[in-house]
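> sequence and predicted structure below; questions after.
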Amino acid sequence: MTKQRGSTAFWIGAVAFLLAVLLATQLIGNEYPFFAGYVILQFIVLSVAWSILGGYAGYVNFGTSAFFGVGVYTAVFLVKATGAPLAVQIGVAAIVGALLGFAVGLLTLRMQGIFFSIATIALTIVIETSVTNWRYLGGAAGIQLQRPQVLPPFHSYVQMLFFVQALLVVLAVAIARYIQGSWIGRGLQALKDDELAAECTGVPTLRLKLLACVISGALMCAAGAPAAMYLQYADPGSAFNLNYSVSVLAMALIGGTAHWAGPVIGAVLLGVTQQLLAVTISSEVNVLVLGIMLVLFVVGAPEGLIGLIARLRPKRAEIGA
Amino acid sequence: MFSLDLLLDAVVIGVLLGCFYAAVSIGLSVSFGLLDVPHVAHPAFLVMASYAVFFLNDRYDIDPLLAGLLITPLLFVFGLVAYRLYYETFERRGSDAAVRGIAFFFGVAFIIEVLIILQFGVDQRSVTASYIGQSFRIGDMRIPFRLLVAFAVATALTILLALYLSRTFMGRAIRAVAQDEEAVRLMGANPVRIKQWAFGIATAVLGIAGALLIIVAPVDPTLDRAYIGRTFCVVVMAGLGSMAGTLLAAIILGVAETIVLTLFGASWAPAISFAMLLGVLAVRPQGLFGR
Amino acid sequence: MKRRTLLAAAVAVAGFSLASNAGAEQPPIKIGMSMAMTGGLAGGGKPSLLGIEIWRDDVNARGGLLGRKVELVVYDDKSSASETPAIYSKLLDVDKVDLLFAPYATVPTAPIMPLVKQRGMLLIGNFSFQVNSKVGHDMYFNNAPWGPADAWASAFLDLGQKAGGKTVALLTADQEFAQNLAKTAREVATKRNMPIVFDQAYPPNTVEFSSIIRALKAARPDIVYVASYPPDSAGILRAVNEIGIGDNVKLFGGGMVGLQFGPVMENLGSLLNGVVNFNTWLPEPAMYFDGTKAFFDTYAKRAVDAKVDPLGYYLAPFGYASGQLVEAAIKATGSLDQKTLAKYLREHEINTIVGPIAFSPDGERKETATLQAQFRGIVDKNMDQFRKAGKQVILFPEKLKSGDLVGPFEAARK
């Protein structure tokens, strides 16, 4: 009964969120909040996606930049080759991300956690080098893209992208929430605690890890695809920037990885801070703030913000089922 | 363009370059390879050391290698303190330590980066010494002295560390802790103290490695990001904990990179090294020479 | 009759005083931009900004523009393309600036071109390379000495041909600017029937250039055209010094970024001798225009406090000149309307501290002002030597020439 109520509450919240976003695009004429907001929503999707593998299973993926960049360049390829619409770009990027996640998983998930992480670093560099050498996609020089006409009811393309990214947020969170509550989530939790024991009790660890990797990869690539149209420009240095990997790691850890709300909170907190800093202090101090936040949270709040919140709330007695 | 003497030249330079990679990675072989500390701030410490060397060379005209040796004791103490901090915060608290440890070290790396920028500015820096800029002629080949210095230092470091870890009491204690911490504790030794000492050594080594970094090429504050991949690649490919393995793996990497750079299209060079790493991990996860 | 004139006079006086009061409280003219203060481009971004700030202070000391003070609104774009759309949107929609300057270099500038075009805003470019060729914004004015796309490569290869060179080697960084430059070089070389015997793009973060220089040497080129970025430029010159490039090379250099920055030049010292490289401004007699000396005197003092390149020859004077461009347009037209200002800039040649600047319809300069100069007689560990004439002898363009090429390259290095 409680679960059912929790479910409806979630979906009502999700729909309300989307309606609010839609309303904002119609009412606010100033474009800046949408530019900044797009980046924050994008990081929410990336952090939630990351946490599916990194948080639930404990396999730290350093290749967020790789998946994001692949999403960007899939969109670039589609736009250049076929002029495909945004929905197709995202869809295809998701498929490519899933395949990439599957390949990476198959290659590395049989090793211990830390080797998986190193392998993802290697992967990022290999993919970035390959894209840099692909002249059709602009290579090292980068490529400039043309936006198509904006679809009604939106007046500006950025507002439309903002709404699309909001849709992706709801999708990512819904998936993460589903996994958390299902047998998949429980299996991942088991293998995170003790992989050997889980294997011995019959948990199909490899299959679960692969599944998490595939879903995570698909979502990350999907989040990257609209960035091509957001910037109307792509170059390997920006698309595969290490900053994505580190920021997402920070956001998930600061928020807390045990629950799907953790990465959301972390992404909002860190994302808003970064956007604010970019237009206020605006100098190398920004990097210092990121570094200090990382160190403080990781040392002081090991379970992240949701851990802190959970500790502060008094324990409620269980009331029936 | 594929000629035999170009190939030979590429191999020789590759070996020397590999030695350079080994020298800057060997500290990580101890801290990550033996102690399992996910030390992504290792390159940042390295860059910090090279800036210290720059400072001594620029202000007091001290030879860079000598400067590197001079800062070694300072770095050793820094390593001791850093490990104690890391241990108290992470290894003690149990689960999730690895992930949080990585995040912690990233934070530390960023802080170091910004501090360097605030002190030295964003421009590149390099050092001057009599052997920088000269080269050694063998027949038609010319080998830069800088790289020979790298070769000498790397081999010396590897031999020193390997001997230390196998011949001295402390060294063997470190090896023991890396193998089975519980057993060491049961035998009455304090594994934490031993690990702390080891981390101190791993950081101390960065003194001379940092000198090497700035001798071989100019440094700038964000250089650490370029070396995270390389150093971890070397250490993992070597097999965790093998000093000689680190040298050999680094040489293989250096040679592969140089051959591709010279003969097959330079832009593929980084991909080759990392593709090799992926290959090694897939086929032999414990590394080429691992335990 | 008298009462009406008295009344009229009173109204006039009242009106006048009201108007002048309003003039004293008029809001400042805001010029918005992002600048690379961190990241790979910061070595150039910071001096560039200092140049613009010096202009702002000069113009405000003279009473401002249209009776209003000039204010700069600057944000750090971290040398990245992903930051600029949000920044420029804020500048336009929240800060409501009157004018826009572009970020330094092509990568941060490319994403904002469509935005600026869509909003009908004038944009003064800052050392971008061919960023407007696809977008076609008609109110874009790139304040950089490049001019037409192939002018750079042509000038360099011209010098090589005149010195008797026939074959070309291209060594380029696998990054945006260098690759664009390489493309033009290939086209020019093909047009002039100059065979390209070596053409390699090296990845960023390449540490060691010995082997690649060795391979280049083996190809025995006459002309070596290098397009590199600050970290690599130093590494390449070192390798050339150690390995040697071959006695047949008549001309070496061309597009090495970084050899214009004071700290890098001081570091490399005598390794620079003989290299013929591009520059934007040099302390040679022909390069002093109205206000140039005064600018550098001010810059030299402020650079020390700001911890930026003490020489500042490469970008800072152009930052000042960007200010002069808009100053001239605003003063002449008396307006801040984007289209009016653009029309003025399109149709007039404006005198600045880096010389007269005129633009062609695509937004680039009409004539190339990129200098090709040869380093001569440089000694190690001396920053001040670069302030004297004769250390970088200008070989191109003809009207600014201050000497002839000394070749071949290996001989010129001694």
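Received, thanks.
> point out the residues in the stretch 151-291 of chain B that sit beside chain A.
B:225, B:228-229, B:232-233, B:236, B:267-268, B:270-271, B:274-275, B:277-278, B:281-282, B:285 (C-beta under 8 Å from any C-beta of the partner chain). C-betas here are computed from N, CA, C, even on glycine.
> just the buried members of those?
B:225, B:228-229, B:232-233, B:236, B:267-268, B:270-271, B:274-275, B:277-278, B:281, B:285 (16 or more other C-beta atoms under 10 Å in any protein chain shown).
> just checking, C:Trp152 touches C:Thr370?
Yes: the pair C:Trp152 / C:Thr370 is scored as a contact, 5.4 Å apart, by C-beta atoms under 8 Å.
> what do these two both touch?
Residues touching both C:Trp152 and C:Thr370 by C-beta atoms under 8 Å, 6 or more residues apart in numbering or on different chains: C:Trp146, C:Phe278.
> the two: which has the busier surroundings?
More neighbours surround C:Trp152 than the other of C:Trp152 and C:Thr370, with 27 against 19 (other C-beta atoms under 10 Å in any protein chain shown).
> check which element follows the helix or strand hosting the more buried one along the chain.
Assigned by DSSP states H and E, C:Trp152 falls within helix C:151-162. The C-terminal neighbour of helix C:151-162 among helices and strands, as given by DSSP H and E, is strand C:168-173.
> distance between that next one and the chain's centre?
Counting by C-alpha atoms, centre = their mean, to the nearest Å, strand C:168-173 is centred 22 Å from the centre of its parent chain.
> cool, stretch A:223-237 as well?
Distance, centroid of stretch A:223-237 to centroid of chain: 15 Å (C-alpha atoms, centre = their mean).
> end-to-end on it?
18 Å (C-alpha to C-alpha, to the nearest Å).
> show me what contacts the nearest residue to B:Asp220 once chain neighbours are set aside?
The shortest distance from B:Asp220 to any non-neighbouring residue, by C-beta to C-beta, 6 or more residues apart in numbering or on different chains, is to B:Gln124 (4.6 Å). Shown in contact with B:Gln124 (C-beta under 8 Å, 6+ apart): B:Pro218, B:Val219, B:Asp220, C:Gly43, C:Pro230, C:Pro231, C:Ala234, C:Pro263, C:Val264, C:Asn267.
> show me what the helix or strand harbouring C:Ala86 is packed against.
Remark: C:Ala86 resides in helix C:84-93, with elements defined by DSSP H and E. Contacts defined by 3 or more C-beta pairs under 8 Å, 6 or more residues apart in numbering or on different chains; DSSP states H and E place helix C:84-93 against helix A:32-54, helix A:261-278, strand C:29-35, strand C:70-76, strand C:99-104, helix C:112-118.
> got a list of contacts for that helix?
A:30-32, A:34-36, A:39, A:158, A:230-231, A:275, A:278-279, C:32-34, C:73, C:75, C:77, C:97, C:100, C:103, C:108-109, C:111-112, C:115-116, C:119, C:121.
> got it, and stretch C:126-134?
Contacts of stretch C:126-134 (C-beta under 8 Å, 6+ apart): A:144, A:146, C:33, C:44, C:48, C:101-106, C:109-110, C:113, C:125, C:140, C:142-144, C:146, C:149, C:176-177, C:180-181, C:315, C:318-319, C:322, C:362-364.
> 7 Å instead?
A:144, C:48, C:101-106, C:109-110, C:113, C:140, C:142-144, C:146, C:149, C:177, C:180, C:315, C:322, C:362-363 (C-beta atoms under 7 Å, 6 or more residues apart in numbering or on different chains).
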